[in-house]
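# structure, please.
(one chain, ligands or ions: 1)
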Amino acid sequence: MNDSPLIAIVGSGPIGAAFARTILETSATARVLMLEAGPQVTTPAGSSVRNIADADEKARAREMSQGPQAGAFRESLGIPAGAVVEGMFTARQGTHLLDFGGEGSAHAPTFPAAAAATNVGGQGAHWTCAIPRPAFSEKLPFVDEAEWEQLISTAEGLLHHQSAAFAASPVGAAIRSLLEGEFGAELPDGYGVSTLPVAGDPQPDGSMLWAGADTVLGPLLDEASELASRFELRDLSLVRRITHAEGRVTGLEVEDLRTRTLSTIAADAVVVAADAFRSPQLLWASGIRPAALGRYLTEHHVVISTVALDPDRMGALVTDAELEVELERRALNPADPVAAVNRIPFSEPDHPFSLQVMYAENPPFPLDPAHPLAGNRWGYVNMGYGVRKHPRVDDGVSFSEDELDYRGLPNMTIEYALTEVEESEIAAATERLKRAGAALGSFVAEPRLLPNGSSLHYMGTMRAGVDSETSVADPYSRVWGFENLIVGGNGLIPTANTMNPTLMSVAIAVRAARALSERISGTR
Ligand code: FAD
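As a prediction, this is how the structure comes out:
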């Protein structure tokens with residue numbers, strides 16, 4: 001490599017950010033160029049849209065992230081309005097469905113809720129910031145315990161991990177106490193009811209400044225830092241192709257979406273962290289097609305419900321005065337509806353699920369004021385069980401030789417099916433959700449299974465492993481057969497998971513980035 005090697009990173013989400021930060025901190029000479037297809041929608045770059053207090057500004061930042069469904073802001077994504085047809089419907093705010101139904105839409109009838117975000121910070125500008133650790137068989141089988149502990153702790157540091165966010169909330173504590181009463185005796189030590197670890201910084205008023213890619217980039221965004229002088233982030237830069245020859249990548253073909261001009265950028269190594277569908281798409285478009293590319297797609301299925309907290313049961317644990325203080329604290333920050341977050345983590349063999357319990361003053365949907373549970377002074381919990389998908393080669397995304405998507409890249413078709421194993425675990429989780437709801441209050445929305453793809457946590461499509469036939473990348477995230485092409489993101493996760501995967505993917509990225517720096521410096 002040359003004296004000041006250039007590492008090009010495709011994608012500016014938390015994983016691209018983890019690569020950039022780790023490479024620059026561990027290599028004194030490397031430079032990093034980060035290329036992002038979407039626009040910058042927040043300041044600092046990549047920061048969470050959830051931190052925006054002004055409702056109109058927040059809505060605008062979300063719309064600008066919605067790719068082909070960007071409405072008035074479509075041109076800001078470099079998508080000419082005529083390139084997509086009307087009649088599309090949108091996914092969760094800030095994201096866009098892959099199978100949006102318009103021209104150039106992906107085909108995903110069995111995975112209809114698959115969605116992405118296209119903006120600086122990626123989905124990490126819109127995420128809920130839950131960062132539980134993977135446990136038991138969720139973890140990587142090829143990294144030993146001591147190294148894993150170090151990697152996951154580093155990832156928690158990068159994301160500003162808080163293990164006890166909202167722990168002072170008396171309502172949150174009462175929710176834990178009621179869940180503990182219902183489930184405590186069945187759960188193993190260390191895996192009982194607890195606060196959900198989240199990424200962000202608690203503020204003096206009791207609210208959270210939620211983490212985004214900016215948090216992970218840290219000093220790279222600080223002009224006073226030497227690291228910033230070796231870092232460049234370009235938005236509205238769509239990478240169309242990875243150029244390569246004889247097992248080495250040589251650079252990237254990039255379209256400037258402002259001017260629609262194409263250019264070639266030479267790079268000493270390339271990191272593709274462009275999400276679990278668009279990363280394999282870019283590899284495939286570039287003629288890089290390992291057998292496992294796009295296959296073994298998993299997510300965790302979500303069985304969800306909303307419950308109005310029971311005034312009598314809550315009142316027995318929280319005084320009226322405490323509730324008043326809590327409501328006053330909440331009133332200080334009406335833009336952020338989450339007031340406490342609890343969970344029951346995955347454990348084996350008897351609890352192969354993750355329960356996430358979000359407390360808020362209002363339900364996450366408009367509730368008819370005439371509804372008997374409307375206006376509940378004790379508030380509501382929106383809670384759901386994550387249920388794992390066991391990896392199968394049959395589930396995955398394939399790419400068309402001749403049909404292009406709205407960006408002009410090979411169009412995607414997603415194939416996905418639940419087997420009897422998943423059906424039975426979903427049924428068991430639904431029973432548990434009914435018990436959790438009965439313990440806490442009354443259902444405003446009964447337990448229901450969300451459509452496939454709703455988790456937004458897509459894994460397995462670029463799995464890391466030790467076998468080049470059943471994985472895309474080696475244990476250090478290098479694409480098999482390439483010495484300087486690295487992949488990152490949830491697509492690397494090869495196991496069956498029930499938890500929010502970003503923390504795990506950051507840990508995997510840290511391992512890969514350190515190995516890359518060692519190769520740059522010649523110590524590996
Ligand atoms: P992304 O954040 O998706 O970023 C990829 C970026 O690559 C995008 O900005 C995209 O525009 C860009 N890109 C794609 N193709 C190209 C190209 N060809 N050229 C240039 N750029 C390209 N995870 C959790 O762990 N906990 C949670 O609580 C949680 N909650 C979520 C809630 C919501 C509403 C959403 C939307 C997501 C949530 N997630 C959560 C998922 C989490 O945001 C993702 O796991 C995380 O953002 C993945 O990071 P990434 O960098 O791999 O990909």
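# so which residue is dead centre in the protein?
Using CA atoms, centre = their mean, the residue of the chain that lies closest to the mean C-alpha position is residue 502, 5.2 Å off.
# apart from its neighbours in sequence, what residue is nearest that residue?
Spatial nearest neighbour of residue 502, chain neighbours left out: residue 14 (5.7 Å); criterion: CB to CB, 6 or more residues apart in numbering. Heads up, the C-betas are built off the backbone N, CA and C, glycines and all.
# tell me who's in contact with the one you found.
Residues in contact with residue 14, defined by CB atoms under 8 Å, 6 or more residues apart in numbering, are 121-122, 124, 159, 212-213, 216, 502, 505-506.
# output the set of residues of the stretch 151-300 of the chain in proximity to the ligand.
Applying CB under 6 Å from any ligand atom, one finds that the stretch 151-300 of the chain approaches the ligand through 238-239, 273-275, 278, 282.
# now do 8 Å
On the criterion CB under 8 Å from any ligand atom, the ligand has as its neighbours in the stretch 151-300 of the chain the residues 198-199, 213, 237-240, 254, 273-276, 278-279, 281-282.
# pull the most distant pair out of the residues you listed.
Largest separation among these by CB to CB: 198 and 240, giving 36.1 Å.
# between the two, who's got more neighbours?
Set side by side, residue 198 and residue 240 give different neighbour counts by other CB atoms under 10 Å, the larger being at residue 198 (25 against 16).
# show me what that one is bridged to.
The bridge-partner assignment for residue 198, based on DSSP bridges, gives residue 130, residue 162.
# that one touches residue 130, doesn't it?
Yes: with contact taken as CB atoms under 8 Å, residue 198 and residue 130 are classed as touching, separated by 5.8 Å.
# common neighbours of the two, please.
Residues touching both residue 198 and residue 130 by CB under 8 Å, 6+ apart: residue 341.
# shaky segments in the stretch 201-350 of the chain?
337 (pLDDT under 70).
# strands along that one, start to end?
Ranges of strands within the stretch 201-350 of the chain are 208-210, 231-234, 237-245, 248-256, 261-266, 269-272, 300-309, 338-344, based on DSSP state E, counting those that start in this stretch.
# can you check the stretch 351-500 of the chain too?
Secondary structure of the stretch 351-500 of the chain (DSSP E, counting those that start in this stretch): strands located at 353-360, 380-388, 396-404, 410-415, 441-449, 485-487.
# tell me what the first one is packed against?
So the one you mean is strand 353-360. Under the contact criterion of 3 or more CB pairs under 8 Å, 6 or more residues apart in numbering; DSSP states H and E, strand 353-360 touches helix 170-183, strand 338-344, strand 380-388, helix 420-440.
# will you turn those into JSON lines that also has mean neighbour count?
Shown next, in JSON lines, are these (neighbours: other CB atoms under 10 Å):
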{"stretch": "helix 170-183", "mean neighbour count": "20"}
{"stretch": "strand 338-344", "mean neighbour count": "24"}
{"stretch": "strand 380-388", "mean neighbour count": "25"}
{"stretch": "helix 420-440", "mean neighbour count": "17"}
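# can you tell me which of those the model trusts least?
Comparing the helices and strands packed on strand 353-360 by mean pLDDT, the weakest confidence falls on strand 338-344, with a mean of 87.
# tell me the contacts of the closest residue to residue 159 other than its chain neighbours?
Residue nearest to residue 159 in three dimensions, not counting chain neighbours: residue 199, with 4.0 Å by CB to CB, 6+ apart. Counting by CB under 8 Å, 6+ apart, residue 199 makes contact with 129-131, 159-162, 210-211, 215, 502-503.
# what do you get if the cut-off is 7 Å, keeping everything else the same?
Residue 199 sits next to 129, 131, 159-161, 211, 215 when contact means CB atoms under 7 Å, 6 or more residues apart in numbering.
# save the strands of the stretch 351-500 of the chain as a markdown table, and put in distance to the ligand too.
Below are the strands of the stretch 351-500 of the chain laid out as a markdown table (distance: least, CB to the nearest ligand atom, whole Å):
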| stretch | distance to the ligand |
| --- | --- |
| strand 353-360 | 8 |
| strand 380-388 | 10 |
| strand 396-404 | 13 |
| strand 410-415 | 12 |
| strand 441-449 | 18 |
| strand 485-487 | 10 |
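# look up phi and psi at the single nearest residue of the stretch 251-400 of the chain relative to the ligand.
Using CB to the nearest ligand atom, the point where the stretch 251-400 of the chain gets nearest to the ligand is residue 274, with a distance of 3.3 Å. Recorded main-chain torsions at residue 274 are phi -110, psi 30, according to degrees, to the nearest 10.
# what parts of the stretch 401-524 of the chain come near the ligand?
Taking CB under 8 Å from any ligand atom as the test, the list of the stretch 401-524 of the chain residues beside the ligand reads 407, 409, 456-457, 488-491, 499-503, 505.
# what subset of those is buried?
Taking 16 or more other CB atoms under 10 Å as the criterion, what is buried in those is 407, 409, 456-457, 488-491, 499-503, 505.
# between these, which sits nearest residue 5?
After measuring those against residue 5 - CB to CB - the closest member comes out as residue 488, at 17.9 Å.
# correct me, but that closest one touches residue 270?
No: under the criterion of CB atoms under 7 Å, residue 488 makes no contact with residue 270, lying 11.0 Å away.
# which residues are in contact with stretch 489-501?
Counting by CB under 7 Å, 6+ apart, stretch 489-501 makes contact with 15, 130-132, 134, 137-139, 273, 275-276, 279-280, 298, 300, 346, 352-354, 386-391, 457-465, 471, 473, 477, 504-505, 508, all of which sit outside it.
# what about residue 145, how many residues nearby?
Residue neighbour count, defined by other CB under 10 Å, stands at 8 for residue 145.
# so how far is the ligand from it?
With distances taken as CB to the nearest ligand atom, to the nearest Å, residue 145 is found 22 Å from the ligand.
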